[in-house]
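Novice: Would you be able to build a 3D model of this:
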Amino acid sequence: MKKIVIIPDSFKGTISSQEAGRIIEEEAKKRWPDVETVRMEIADGGEGSVDAFLSVLDGEKKQVKVRGPYGEQVESFYGKIKETAVIEMAAAAGLPLAGEHLNAGEATTYGVGELILDALQGGVKKIILGLGGSATNEGGAGALAALGVKFLNERGEEFIPVGNTLHCIKKIDLSELDQRIKETEILVMCDVSTVLCGANGATAIFGPQKGVEPEEVSRLDYGLRHLAEKIYEVTGKEILQLEGGGAAGGMGAGIAAILGGKLMSGIDVMLDTITFEEVLKDTSMVITGEGKIDGQSSYGKVISGVAKRAKKYQVPVIALAGAVTEDADLLYEMGVSAMFGINRRALSFEELKATTKMDLRKTAESIFRLMDLSSKV
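Specialist: Next comes the predicted model:
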């Protein structure tokens with residue numbers, strides 16, 4: 001064993017990408033003291049994306065006060081790397097900020113727009129915007145309003161739409177949109193291929209985890225459809241079937257249509273930026289992981305993105321997760337060599353959170369022991 005690349009995502013709700021990587025690295029070094037290890041933080045646009053970029057690239061974390069998901073002032077942040085800003089929309093409109101009383105119909109992305117404004121004022125020429133972990137369902141209307149877009153109702157009055165009031169939009173006025181946007185490249189990191197509306201749309205697929213009740217889905221979905229119609233009237237852009245448009249409660253569609261954002265696989269943006277393939281060229285093995293490996297993991301998530309690139313260089317990939325479901329087998333075709341669930345006992349998620357670090361450590365130890373044994377038989 002010459003070189004191991006360790007590149008896990010966070011195990012959501014339990015341990016960070018950095019913590020997971022450190023534990024795996026420690027166990028590898030115990031088994032093979034002389035092995036070269038390269039530990040990289042990774043994220044696909046959700047929580048931890050800013051820290052992941054800053055762990056690899058030289059930059060700074062900027063602290064900013066902005067509006068939170070329900071209009072309250074919150075302490076937020078973004079990363080600045082030379083003339084590039086890395087922004088997690090979840091840092092201003094994410095589920096953790098929403099707390100226990102989720103209300104996607106009333107949540108806003110206005111604070112995300114304030115983060116973008118602060119970055120523009122700092123002279124950035126490129127923005128990497130991570131969409132993930134949102135508490136919102138308003139198509140990015142709040143962020144657009146913060147950047148100067150005017151939303152007018154039937155009486156010609158300006159207002160800031162939320163999911164519950166998207167249907168009130170009579171007209172969209174782009175005349176006061178911040179002109180610096182035109183000179184700024186915007187890459188949007190999406191970890192989903194969800195479209196804006198319908199059975200596979202933002203509300204139907206992700207609404208429930210944001211507190212949307214079954215009887216609310218059709219109404220909120222209609223609001224996003226209405227927003228799409230009004231955006232078409234002012235831009236001529238059709239966004240209803242835009243892949244990734246449903247990301248972050250439809251924010252992907254709004255940013256793409258009005259700000260010219262380019263929707264990309266979040267993990268691909270990350271791996272390109274950190275030149276992951278250069279690291280792979282002399283690697284013996286890659287170890288990755290995330291909180292849960294399931295059928296969705298094969299669609300633009302960290303594990304599938306890492307595996308596809310490792311496969312090009314015939315580097316084996318081991319994936320670890322809190323749970324591995326039966327529909328995860330497609331990942332084998334993408335380049336994953338083996339998958340392991342780390343949970344050692346049948347306990348509830350709340351109970352398992354307390355033992356995640358030890359469970360990950362013990363699983364990594366067992367894998368490395370087995371690999372060491374196989375080299376001797």
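Novice: Past the helix-or-strand element of the chain with minimal mean pLDDT, which element shows up next along the chain?
Specialist: Ranked by mean pLDDT, DSSP states H and E, the weakest helix or strand in the chain is helix 349-353, scoring a mean of 69. Sequence-wise, the next helix or strand downstream of helix 349-353 (DSSP states H and E) is helix 356-374.
Novice: Output the contacting helices and strands for that following helix.
Specialist: For helix 356-374, the packing partners by 3 or more Cβ pairs under 8 Å, 6 or more residues apart in numbering; DSSP states H and E come out as helix 17-31, strand 317-324, strand 338-341. For the C-beta atoms, the positions are set from N, CA and C on the backbone; glycine is no exception.
Novice: between the ones you listed, which one is nearest to Ala204?
Specialist: In terms of Cβ to Cβ, the element of the helices and strands packed on helix 356-374 nearest to Ala204 is strand 317-324, at 23.8 Å.
Novice: Only the buried residues of the very next helix or strand once past that closest one, if you could.
Specialist: Per DSSP H and E, strand 317-324 leads on to helix 330-334 as the next helix or strand towards the C-terminus. Judged by neighbour count using 16 or more other Cβ atoms under 10 Å, the buried positions of helix 330-334 are 331, 334.
Novice: Now for Val306: which residues touch it?
Specialist: For Val306, the contacting residues are 7, 42, 267, 271, 276, 286, 288, 317, by Cβ atoms under 8 Å, 6 or more residues apart in numbering.
Novice: and those, which of them are in helices?
Specialist: Judged by DSSP state H, the contacts of Val306 include 267, 271, 276 as members of helices.
Novice: Which pLDDT value goes with Lys150?
Specialist: Note on Lys150: pLDDT of 99.
Novice: That one - how many residues pack around it?
Specialist: 16 (other Cβ atoms under 10 Å).
Novice: What residues does it make contact with?
Specialist: 158, 172-176.
Novice: Go again with 7 Å.
Specialist: The contact partners of Lys150, by Cβ atoms under 7 Å, 6 or more residues apart in numbering, come to 158, 173, 176.
Novice: So what sits opposite Val64 in the bridge?
Specialist: For Val64, the beta-bridge partners are Ser76 (DSSP bridges).
Novice: rewinding a little: pick the most deeply packed of the helices and strands packed on helix 356-374.
Specialist: strand 317-324 (a mean of 22; mean count of other Cβ atoms under 10 Å).
Novice: I'd guessed Phe151 sits against Leu144; true?
Specialist: No: judged on Cβ atoms under 7 Å, Phe151 makes no contact with Leu144 at a distance of 8.0 Å.
Novice: ok, the two, which is more surrounded?
Specialist: Between Phe151 and Leu144, counted using other Cβ under 10 Å, the more crowded position is Leu144 (30 against 23).
Novice: could you pull out the helices for the stretch 1-150 of the chain?
Specialist: Taking DSSP state H, counting those that start in this stretch as the criterion, the stretch 1-150 of the chain carries its helices at 17-31, 49-56, 90-93, 95-98, 110-121, 141-146.
Novice: is it possible to export the ones you listed to JSON lines including mean pLDDT?
Specialist: As requested, these are exported to JSON lines (pLDDT from 0 to 100):
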{"stretch": "helix 17-31", "mean pLDDT": "95"}
{"stretch": "helix 49-56", "mean pLDDT": "90"}
{"stretch": "helix 90-93", "mean pLDDT": "96"}
{"stretch": "helix 95-98", "mean pLDDT": "91"}
{"stretch": "helix 110-121", "mean pLDDT": "99"}
{"stretch": "helix 141-146", "mean pLDDT": "99"}
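Novice: out of the ones you listed, which comes closest to Arg345?
Specialist: The nearest among the helices of the stretch 1-150 of the chain, by Cβ to Cβ, is helix 17-31 at 18.3 Å.
Novice: Could you list the alpha-carbon positions for the closest one in PDB?
Specialist: What follows is helix 17-31, C-alpha atoms only, in PDB (Å, rounded to 0.1, in the frame of the first residue of the first chain):
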ATOM      1  CA  SER A  17     -16.100  15.700   6.400                       C
ATOM      2  CA  GLN A  18     -12.900  16.800   8.300                       C
ATOM      3  CA  GLU A  19     -13.700  14.600  11.300                       C
ATOM      4  CA  ALA A  20     -14.500  11.500   9.200                       C
ATOM      5  CA  GLY A  21     -11.300  11.900   7.200                       C
ATOM      6  CA  ARG A  22      -9.100  12.300  10.300                       C
ATOM      7  CA  ILE A  23     -10.500   9.100  11.800                       C
ATOM      8  CA  ILE A  24     -10.000   7.000   8.700                       C
ATOM      9  CA  GLU A  25      -6.500   8.400   8.300                       C
ATOM     10  CA  GLU A  26      -5.500   7.500  11.900                       C
ATOM     11  CA  GLU A  27      -6.700   3.900  11.400                       C
ATOM     12  CA  ALA A  28      -4.800   3.600   8.100                       C
ATOM     13  CA  LYS A  29      -1.600   4.900   9.700                       C
ATOM     14  CA  LYS A  30      -2.000   2.400  12.600                       C
ATOM     15  CA  ARG A  31      -2.000  -0.500  10.100                       C
END
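Novice: and it, what does it pack onto?
Specialist: strand 3-6, strand 36-39, helix 356-374 (3 or more Cβ pairs under 7 Å, 6 or more residues apart in numbering; DSSP states H and E).
Novice: List the contacts of it.
Specialist: Applying Cβ under 7 Å, 6+ apart, the set of residues contacting helix 17-31 is 4, 6, 8-11, 35, 37, 39, 41-43, 48, 52, 287, 289, 357, 360-361, 364-365, 368-369, 372.
Novice: of these, buried ones?
Specialist: Of the contacts of helix 17-31, these count as buried by 16+ other Cβ under 10 Å: 4, 6, 8-11, 35, 37, 39, 41-43, 48, 52, 287, 289, 357, 360-361, 364-365, 368.
Novice: Can you name the element that comes right after the helix or strand harbouring Leu224?
Specialist: Per DSSP H and E, Leu224 falls inside helix 217-235. Later in the chain than helix 217-235, the nearest helix or strand by DSSP H and E is helix 247-259.
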